[in-house]
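> starting from these lines, generate the structure:
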Amino acid sequence: MGFAITIAVRFLREGRFQSLLIVVGVAAGVAVVTYISALIDGLQANTINRTLGTQPHLVVKPFEERARPSLSGASAAGAPVGAPDAVIAREIQPRAQRTRSIDNWQTMLTEMEKQANVVAVTSVVSGAGLAIRGEASRSVSLVGIELDGYDRIVPLKEKVIAGVARVAPGEAMIGLQLSQDLGVSLGDRIVVRTATDAADTFKISAVFDLGSRDLNRRFVYITLKSAQSLLNVPGGATNLYAKVADLFAADQTAKLLKQRTGLEVESWMESNAQLLSALNAQTISTRLIRIFTAIVVILGIASVLVVSVVQKRKEIGILRAMGATRGQMTQVFLMQGAIVGLLGSVTGIGLSKLMIVLFVKFARGSDGQPLFAIDLPIKLAVTVAVVATLCGVLAAAAPAWRAARLDPAQAIRI
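Next up is the predicted model:
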């Protein structure tokens, strides 16, 4: 191996310009692959965090009340229903539009906690309401929660921008846009009224910002008991929320829960199908970039080493005449490929790190902050370096085989 390394380094030093060009080419390919991979990973993580930062991973819903056909009618001659000439009228009665609770939701909550992928669960009472302050009123979504349990699933406490994250009897947390629409601030009181004419007064304990104007105008968080009273579901829960450890196994967990309980269980993957399709498209694009970049790198290294074999025919012939075996000559060119791949990958990773720093510095949002967090994980850097080195060895296979097949006498004569 020492012989192969020595000769390989000497050959590369003799063709400095060619060696430099191929190392730069490998570095450029590695930099593109590493930077794009880190960028897509950061973008996807930011997208998922923003999307799932305001919603649970799993939602258990009550049974859907389905309308049934009503059969009635008779023929003009007074024939009984069911007679051959009877006229049957079908009238579909719509289901009652009311807030419904999950039957035996405490048992379901315990069942969810037993699932291996589930890390946190909580009960929620939610429904439509009207927030009123003087002459101003806005349609809102009332959400009755136990704050500590809810915060383990949706990090509500960290989104509070004014006041204290607290949901106590007679208090409510509202969004930034809703507070502006109603003209209220901390300590002010609003009236919340529901469709059943139930109403209650709440003191603003905190104002939050969920990162979406629509969500900030919609949600009003109150205690679980207050929501049960206003929405006429005493002791009930309209939804059960859960957080899972493996985000992309949420759909499978939802199916298992549905099979075991028979209830409607919706995962974030189902409710955000378009987002999931976009993430999959980004992943496929990244893989294609990696594959074609690797092909370009392999062809570049192979072409340079093939030229090197032609240029160094005499040197190869002399080495063979001095006793170098075909296996040793094969090792020489494989070693050249490995060295080029390793040097190019190290340089490329350095370039990608520089590109990431420049992106974070210059790509800013309207608030002056970076668009999203992007970093170069050590695992990604090592993986790309190893793959680039292997590509170098693979690219050198054909030139190495050609060098080993040279006849010493003919090579020296030429």
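
> in the protein, which spans are strands?
Using DSSP state E, the strands found in the chain span residues 58-61, 69-72, 89-92, 118-133, 136-145, 160-163, 171-175, 189-193, 199-208, 219-223, 239-244, 264-267.

> pLDDT weak spots in this protein?
1, 63-98, 308-318, 320-321, 323-324, 366-367, 403-414 (pLDDT under 70).

> returning to what we had before: reformat the strands of the chain into JSON lines and put mean neighbour count and distance to V306 next to each item.
C-beta coordinates here come from the backbone N, C-alpha and C atoms, glycine included. Below are those laid out as JSON lines (neighbours: other Cβ atoms under 10 Å; distance: least, Cβ to Cβ, whole Å):
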{"stretch": "strand 58-61", "mean neighbour count": "22", "distance to V306": "57"}
{"stretch": "strand 69-72", "mean neighbour count": "11", "distance to V306": "78"}
{"stretch": "strand 89-92", "mean neighbour count": "10", "distance to V306": "76"}
{"stretch": "strand 118-133", "mean neighbour count": "20", "distance to V306": "56"}
{"stretch": "strand 136-145", "mean neighbour count": "19", "distance to V306": "68"}
{"stretch": "strand 160-163", "mean neighbour count": "14", "distance to V306": "64"}
{"stretch": "strand 171-175", "mean neighbour count": "25", "distance to V306": "65"}
{"stretch": "strand 189-193", "mean neighbour count": "18", "distance to V306": "78"}
{"stretch": "strand 199-208", "mean neighbour count": "19", "distance to V306": "64"}
{"stretch": "strand 219-223", "mean neighbour count": "23", "distance to V306": "66"}
{"stretch": "strand 239-244", "mean neighbour count": "23", "distance to V306": "52"}
{"stretch": "strand 264-267", "mean neighbour count": "20", "distance to V306": "53"}
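
> quick check: which of those strands is nearest to T383?
With Cβ to Cβ as the measure, strand 239-244 is the member of the strands of the chain nearest T383 (26.6 Å).

> re earlier: export the strands of the chain to TSV and tack on distance to G350?
Listed next are those as TSV, based on distance: least, Cβ to Cβ, whole Å:
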stretch	distance to G350
strand 58-61	43
strand 69-72	71
strand 89-92	69
strand 118-133	38
strand 136-145	49
strand 160-163	40
strand 171-175	45
strand 189-193	57
strand 199-208	42
strand 219-223	46
strand 239-244	38
strand 264-267	41
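
> tell me which of those strands sits nearest to A254.
Once those are compared by Cβ to Cβ, strand 264-267 is nearest, at 4.0 Å.

> which helices and strands sit right next to the closest one?
Applying 3 or more Cβ pairs under 8 Å, 6 or more residues apart in numbering; DSSP states H and E, one finds that strand 264-267 contacts strand 58-61, helix 250-261.

> let's see that with 10 Å instead.
strand 58-61, strand 239-244, helix 250-261 (3 or more Cβ pairs under 10 Å, 6 or more residues apart in numbering; DSSP states H and E).

> give the partner strands of it in its sheet and their orientations.
Applying DSSP bridges to the sheet, strand 264-267 is found paired with strand 58-61 (antiparallel).

> if we can go back for a sec, okay, the helices and strands packed on strand 264-267 in a markdown table with distance to K157 next?
Output for the helices and strands packed on strand 264-267, formatted as a markdown table (distance: least, Cβ to Cβ, whole Å):
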| stretch | distance to K157 |
| --- | --- |
| strand 58-61 | 21 |
| strand 239-244 | 15 |
| helix 250-261 | 23 |
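
> out of the ones you listed, which comes closest to S226?
strand 239-244 (16.2 Å).

> quick one: the closest one to strand 118-133, angle?
140 degrees (axes from the mean of the first three to the mean of the last three Cα atoms, to 10 degrees).

> run the chain-centre distance for strand 239-244.
Mean C-alpha position of strand 239-244 versus that of the full chain (Cα atoms, centre = their mean, to the nearest Å) differs by 18 Å.

> what's the answer for stretch 223-238, then?
34 Å.

> need the longest helix for this protein.
The longest helix of the chain (DSSP state H) is helix 273-311.

> for that helix, packing partners?
Counting contacts by 3+ Cβ pairs under 10 Å, 6+ apart, helix 273-311 is packed against helix 2-14, helix 16-52, helix 268-271, helix 326-362, helix 378-395, helix 397-404.

> possible to save the ones you listed as a markdown table with distance to L224?
Supplementary listing: these in a markdown table, determined by distance: least, Cβ to Cβ, whole Å:
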| stretch | distance to L224 |
| --- | --- |
| helix 2-14 | 71 |
| helix 16-52 | 23 |
| helix 268-271 | 23 |
| helix 326-362 | 42 |
| helix 378-395 | 43 |
| helix 397-404 | 67 |
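
> for L186, which of the ones you listed is the nearest?
helix 16-52 (26.3 Å).

> how big is the angle separating the closest one from helix 2-14?
Using the same axes, to 10 degrees: helix 16-52 against helix 2-14 is 100 degrees.

> pull out the buried positions in helix 16-52.
By 16 or more other Cβ atoms under 10 Å, the buried positions in helix 16-52 come out as 18-19, 22-44, 47-48, 52.

> cool, and stretch 384-401?
Counting neighbours by 16+ other Cβ under 10 Å, one finds that the buried residues in stretch 384-401 are 384-385, 387-389, 391-397, 399-400.

> wait, which of the helices and strands packed on helix 273-311 is closest to A281?
Across these, A281 has its closest neighbour in helix 16-52 (10.6 Å, Cβ to Cβ).

> mind giving me the packing neighbours of the closest one?
By 3+ Cβ pairs under 10 Å, 6+ apart, helix 16-52 packs against helix 2-14, helix 268-271, helix 273-311, helix 326-362, helix 378-395.
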